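Visitor: Sharing a model that was predicted from the sequence below.
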Amino acid sequence: MALTVHVVAAFTDTLFKGNPAAIIILESWLSDELMQSIAIENNLSETAYVVKSGAEYDIRWFSPIMEIAFCGHATLAAASVLFGLDPDLQSVTFRAKAVGQIAANKLPEGFIAMDFPNRKPGRLDDLPEALLAGLSMRPQEVYVSDQAYFAVYEHEEDVLNISQDVEQIKRLYPRDVIVTAPGETTDFVSRYFWPASGGEEDPVTGSAHAGLAPLWADKLGRAELTAFQASKRGGHLRCRVEGERVVVAGQTVKYLEGVIFI
């Protein structure tokens, strides 16, 4: 069996930046074991598999470690692949078990906007010992969602300089850890640590901004925000909070198209 694979960097307009995802469009699902094996072999933050179902597309995401419930950057990459295959297409709708429908729409300047559920985190006062031990600097405050702990700092420099103790952060599974602060040239910055789920640090995490955007919208008093995820590769995002939904937009760059032989 031969499968076409597209590797697309998400949340960037520059090759070798952003977060690369492998996209495989299928006629029907492969076995979970095979999809996980391909994701391990690809060794990217996520490999996304897409199957057309009527007018919509079912989508599943696999890190090199496990299937992931919600992945933004690979959804952005998948939308860009579908738009590339059909230039007349202006929007696509994905379906995923954990988050329901995700609409993706073309915007000017190569941007694609994704419509996510609002996953605003709640304030947490009783901080887990592993969280405090796992971060090199104590946060000013902490919030929590089903996906992650959000450790908030005063300055962008704090986020850039912080280090993690991987073994302590692993103890927080199934939640990952986001560190975030106001930005100097964007509204906020963040980094994403997920050693138990995918890797030590994710380059750019679209799903995290379904929580980060409403958190910073409240703090800054506005619904439209710019964001930078300050990993080594780095990525830029535009966010807008619309009640129970959060729009997250970014650009993409295609790196590779090839064939996997199974």
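Guide: Noted; the coordinates are in hand.

Visitor: biggest helix in this protein by residues?
Guide: Using DSSP state H to define each element, the chain has its longest helix at helix 72-85.

Visitor: Can you give the distance from that one to the centre of its chain?
Guide: What separates the centre of helix 72-85 from the centre of its chain is 13 Å, taken as C-alpha atoms, centre = their mean, to the nearest Å.

Visitor: got it, and stretch 17-30?
Guide: 14 Å.

Visitor: Which SSE is immediately downstream of the lowest-mean-pLDDT helix or strand in the chain?
Guide: The helix or strand of the chain with the poorest confidence is strand 199-202; it has a mean of 95 (mean pLDDT, DSSP states H and E). For strand 199-202, the following helix or strand on the C-terminal side (DSSP states H and E) is helix 209-220.

Visitor: mean confidence for that next one?
Guide: Throughout helix 209-220, pLDDT has a mean value of 98.

Visitor: what comes into contact with it?
Guide: The contact list for helix 209-220 (C-beta atoms under 8 Å, 6 or more residues apart in numbering) reads 70, 72, 116-121, 143, 145, 147-148, 150, 152, 178, 180, 182, 187-188, 190, 223, 225, 227, 237, 239-241, 246, 248. The C-beta positions use only the backbone N, C-alpha and C, and glycine is treated the same way.

Visitor: Could you identify the helix or strand that succeeds the longest helix of the chain?
Guide: Per DSSP H and E, the helix or strand that comes after helix 72-85 is strand 91-96.

Visitor: Please enumerate residues in contact with that following strand?
Guide: Contacts with strand 91-96, where a contact means C-beta under 8 Å, 6+ apart, come from 50, 53, 55-61, 69-70, 75, 78-79, 82-83, 101-106.

Visitor: Could you pick out which of these are located in helices?
Guide: Those of the contacts of strand 91-96 mapping onto helices are T75, A78, A79, L82, F83, per DSSP H.

Visitor: re the thing from before, which of the contacts of helix 209-220 fall within helices?
Guide: In helices, defined here by DSSP H, the members of these are G72.

Visitor: In PyMOL, select just the buried ones from the contacts of helix 209-220.
Guide: Command for PyMOL, covering only those of the contacts of helix 209-220 found buried under the criterion 16 or more other C-beta atoms under 10 Å:
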select buried, resi 70+72+116+119+120+121+143+145+147+148+150+152+178+180+182+187+188+190+225+227+237+239+240+241+246+248
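
Visitor: and stretch 102-120, average pLDDT?
Guide: 97.

Visitor: first to last residue in that stretch, what's the distance?
Guide: 17 Å (C-alpha to C-alpha, to the nearest Å).

Visitor: Stretch 6-15 now?
Guide: End-to-end distance of stretch 6-15 (C-alpha to C-alpha): 14 Å.

Visitor: Pull out the buried residues from that stretch.
Guide: Buried residues in stretch 6-15 (16+ other C-beta under 10 Å): H6, V7, V8, A9, A10, F11, T12.
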